[in-house]
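Engineer: have a look at this fold, sequence not included:
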């Protein structure tokens with residue numbers, strides 16, 4: 001289906017819609033996947049005996065809808081905090097000895113900054129695991145987000161090199 005613009009504003013709006021769609025469906029998905037891969041590498045590389053993994057930190061990563069900001073389109077990769085469930089009595093994302101008992105809303109910061117308490121001693125869970133920073137570096141080095149954007153535009157029928 002052909003699209004037509006009769007003036008510059010229409011053309012800019014059409015292209016912005018195309019870029020927004022590619023950012024949502026291709027670039028955002030790729031960046032979220034790379035983030036999940038880095039969580040697996042840095043956060044889940046150890047198999048703890050002290051607690052049962054939920055994988056909610058990784059599984060809560062998503063790309064939020066792209067936004068037009070000035071003349072750019074941005075997509076945010078972050079945690080959907082509603083997917084991280086706390087069960088302080090079983091020491092899952094909280095503890096009856098912490099205040100607040102439920103830490104699910106800032107679990108990502110605790111993990112990234114190595115701010116876990118010493119209730120279970122000093123283990124790998126108290127080390128910084130900055131998976132978002134690693135993801136940014138990975139994307140810069142590999143260009144996976146750029147390849148995803150090119151693939152998205154090709155999918156839409158654009159000849160992108």
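Structural biologist: Happy to help now that I have it. All values reported here derive from a predicted model rather than from experimental measurement. Numbering: from 1, shown residues only.
Engineer: number of residues surrounding residue 145?
Structural biologist: Neighbours of residue 145 under the rule other C-beta atoms under 10 Å: 21. Every C-beta, even on glycine, is put in place using the N, C-alpha and C of the backbone.
Engineer: need the contact list for it.
Structural biologist: Applying C-beta atoms under 8 Å, 6 or more residues apart in numbering to residue 145 gives the contacts 27, 30, 31, 34, 139.
Engineer: run the last query once more with 6 Å
Structural biologist: 27, 30, 31, 139 (C-beta atoms under 6 Å, 6 or more residues apart in numbering).
Engineer: just checking, residue 31 touches residue 78?
Structural biologist: No: using C-beta atoms under 6 Å as the test, residue 31 is too far from residue 78 to be in contact (10.6 Å).
Engineer: the more surrounded of those two?
Structural biologist: Taking neighbours as other C-beta under 10 Å, residue 31 and residue 78 compare with residue 31 leading, 23 against 14.
Engineer: give me the contact list for the host helix or strand of the more buried one.
Structural biologist: For residue 31, the host element (DSSP states H and E) is helix 28-42. Here helix 28-42 makes contact (C-beta under 6 Å, 6+ apart) with 58, 61-63, 75, 77, 129, 131, 134-135, 138, 144-145, 148.
Engineer: and the two most separated of those residues?
Structural biologist: The span of the contacts of helix 28-42, defined through C-beta to C-beta, is set by 129 and 148 at 24.8 Å.
Engineer: pull the number of nearby residues for residue 89.
Structural biologist: Residue 89: 10 surrounding residues under other C-beta under 10 Å.
Engineer: return the residues in contact with it.
Structural biologist: Contacts of residue 89 (C-beta under 6 Å, 6+ apart): none.
Engineer: and it, helix, strand or coil?
Structural biologist: Of the three states, residue 89 takes helix according to DSSP: H, G, I helix; E, B strand; the rest coil.
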